[in-house]
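> Sequence and predicted structure below; questions after.
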Amino acid sequence: MPCTLPAMPRTSAAARPSAHDAALAQRIGERIREARRRGGLTQQQLAGDRYTKAYVSALETGIARPSMVALTYLSQRLGLPPSHFLDEPHPAWSRLEVDMHLAAGEWQAAADGYRTLLQDQLDEPGRAELLRGLAESEARMDHGREAIAAASEAARIFGALQRPADEALSRYWLAYGLYESDNEADARSLLTALLERVRGGLAVEPDFELRLLMALAAVESRSGEHARSLSYLEAARGMAADLDDRRRATFLFSLAVSYRETGDLEAAIRSGTQGLALYRASGADLESAGIENDLALAYLAAGSVERAREMAGQAREQSERLGDDRLLSAILETEAQIALAAGDREAAPA
């Protein structure tokens with residue numbers, strides 16, 4: 001039967017602050033303080049109803065660096081353009097803007113920005129960080145080949161710099177690119193090696209082991225090793241309790257697929273329904289459609305044809321609205337299976 005597998009879990013690391021970043025923050029802070037004093041405002045007055053006096057103080061002393069959103073707001077209150085507080089277009093600030101595109105889910109804008117910055121980035125540490133950001137952007141757009149190229153180079157540089165945690169994150173995105181390129185064997189090998197290193201004491205990110213387990217589950221599910229996929233998810237279950245709603249929904253989606261593929265339909269429907277509620281609550285429409293399609297398959301396997309038809313219909317409406325052709329193709333296959341089960345051969349493909 002058709003199945004839309006949940007993607008491998010996605011993780012990103014914020015850029016490490018450099019001495020150059022600190023100097024930039026100091027200059028911005030001094031200019032904010034000067035403009036505030038000229039305007040006769042206190043720190044509390046400048047903060048308005050959006051920020052706090054403590055945050056403005058941290059900006060003015062260079063402890064914190066403002067986002068573009070914060071700088072735009074403060075600039076408006078001071079009656080000055082944001083450019084007043086910056087040097088001429090600056091690579092460090094451009095890097096912040098590109099990272100913000102990535103954090104906001106604007107994958108193509110982030111990828112374009114990282115490529116532009118790479119044209120002028122000569123030092124190896126900075127280049128590796130940009131490449132890792134580019135790898136994540138490409139992976140999130142399902143551009144496996146491009147993700148592999150960027151992640152491979154980032155991992156090589158981080159390895160030479162003896163930055164094992166950053167190398168591990170780059171290798172995670174390399175595995176993601178391999179997975180998207182249908183190279184499950186190499187993706188599995190990379191992820192297994194990373195899991196061994198994390199369990200051996202390598203500190204990467206607090207939830208990195210959980211993400212590796214979920215990634216391995218996705219690889220095994222796609223490879224048809226559903227019992228093995230379920231074993232990884234069961235190992236991850238205790239770690240998933242503290243995830244935010246969206247990531248917990250992704251975990252439940254993976255669990256639902258594995259339960260369905262191993263024949264535990266009641267557990268599949270239970271996990272899928274819980275995941276769907278969390279996806280909807282977090283506004284994840286595309287992911288909601290994916291899990292609705294999987295629930296349709298679970299209900300169909302359980303003999304509930306009408307409920308399967310209802311879930312598939314909801315999934316199709318979402319995917320058509322969002323314009324995701326790949327998901328829509330999987331949903332149409334599901335609806336064809338439902339039509340056959342209902343004896344409606346005219347609605348099913350020949």
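Structure's in. What do you need?
> just for this protein, where's the confidence low?
Scanning the chain for pLDDT under 70 picks out the ranges 1-21, 86-93, 121, 344-350.
> Output the longest helix belonging to it.
helix 19-38 (DSSP state H).
> Can you name the element that comes right after that helix?
Downstream of helix 19-38, the next assigned helix or strand under DSSP states H and E is helix 43-47.
> If you count contacts, what does that following helix end up packed against?
Using 3 or more CB pairs under 8 Å, 6 or more residues apart in numbering; DSSP states H and E, the elements in contact with helix 43-47 are helix 19-38, helix 53-60, helix 68-78. For every residue, glycine as well, the C-beta is placed using N, CA and C.
> and that helix, how far from the chain's centre?
Mean C-alpha position of helix 43-47 versus that of the full chain (CA atoms, centre = their mean, to the nearest Å) differs by 35 Å.
> tell me which residues in it are buried?
For helix 43-47, the neighbour count (16 or more other CB atoms under 10 Å) marks 43, 46, 47 as buried.
> Also stretch 97-109?
The neighbour-count check on stretch 97-109 (16+ other CB under 10 Å) flags 98, 99, 100, 101, 102, 107, 109 as buried.
> how much space between the fourth one and residue 116?
Read that as residue 101. To residue 116, residue 101 is 12 Å away according to CB to CB, to the nearest Å.
> circling back to that earlier point, what would the buried residues of helix 43-47 look like in TSV with distance to residue 234?
As requested, the buried residues of helix 43-47 are exported to TSV (distance: CB to CB, whole Å):
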residue	distance to residue 234
43	52
46	52
47	48
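> Looking at these, spot the one nearest residue 330.
The closest of the buried residues of helix 43-47 to residue 330 turns out to be residue 47 (CB to CB; 48.9 Å).
> what's the nearest residue to that closest one if we skip its chain neighbours?
Distances taken as CB to CB, 6 or more residues apart in numbering put residue 56 closest to residue 47, at 4.9 Å, once the chain neighbours are dropped.
> Now do the same contact list for that neighbour.
Counting by CB atoms under 8 Å, 6 or more residues apart in numbering, residue 56 touches 32, 36, 43, 44, 46, 47, 74.
> Closest one of the residues you listed to residue 271?
So of the contacts of residue 56, ranked by how close each gets to residue 271 (CB to CB), first place is residue 47, at 44.4 Å.
> In contact with that closest one, which residues are there?
By CB under 8 Å, 6+ apart, the contact list for residue 47 reads 53, 55, 56.
> got it, and residue 265?
If you count contacts by CB under 8 Å, 6+ apart, then residue 265 has 259, 298, 301, 302 around it.
> Between which two of those is the distance greatest?
Maximum pairwise distance among the contacts of residue 265 (CB to CB): 11.7 Å, between 259 and 302.
> Between these two, which has more neighbouring residues?
More neighbours surround residue 259 than the other of residue 259 and residue 302, with 23 against 15 (other CB atoms under 10 Å).
> how far away is the more buried one from residue 212?
Counting by CB to CB, the gap from residue 259 to residue 212 is 21 Å.
> Could you identify the most distant pair in the contacts of residue 56?
Across these, no pair lies farther apart than 32 and 44, at 14.1 Å, counting by CB to CB.
> count of neighbours near residue 242?
Neighbour count of residue 242, defined by other CB under 10 Å: 11.
> for the nearest residue to it once chain neighbours are set aside, phi and psi?
Closest residue to residue 242 apart from its sequence neighbours, by CB to CB, 6+ apart: residue 207 at 8.0 Å. Backbone geometry at residue 207, expressed as degrees, to the nearest 10, gives phi -110, psi 20.
> So which residues of the stretch 51-200 of the chain form helices?
53-60, 68-78, 91-103, 107-118, 124-140, 144-160, 164-180, 184-199 (DSSP state H, counting those that start in this stretch).
> Buried residues in the shortest one, which are they?
Applying a neighbour-count criterion of 16+ other CB under 10 Å, one finds 55, 56, 57, 58, 59, 60 buried in helix 53-60.
> Using CSV, list the CA coordinates for it.
What follows is helix 53-60, C-alpha atoms only, in CSV (Å, rounded to 0.1, in the frame of the first residue of the first chain):
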residue,chain,number,x,y,z
LYS,A,53,14.5,47.5,30.2
ALA,A,54,16.9,44.6,30.9
TYR,A,55,16.9,43.6,27.2
VAL,A,56,17.6,47.2,26.1
SER,A,57,20.4,47.4,28.7
ALA,A,58,21.9,44.1,27.4
LEU,A,59,21.8,45.5,23.8
GLU,A,60,23.5,48.8,24.8
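> what's the angle from it to helix 68-78?
Here helix 53-60 points in a direction 100 degrees away from that of helix 68-78 (axes from the mean of the first three to the mean of the last three CA atoms, to 10 degrees).
> and helix 53-60, how far from the chain's centre?
30 Å.
> any idea how far residue 250 lies from residue 127?
Distance of residue 250 to residue 127, computed by CB to CB: 31 Å.
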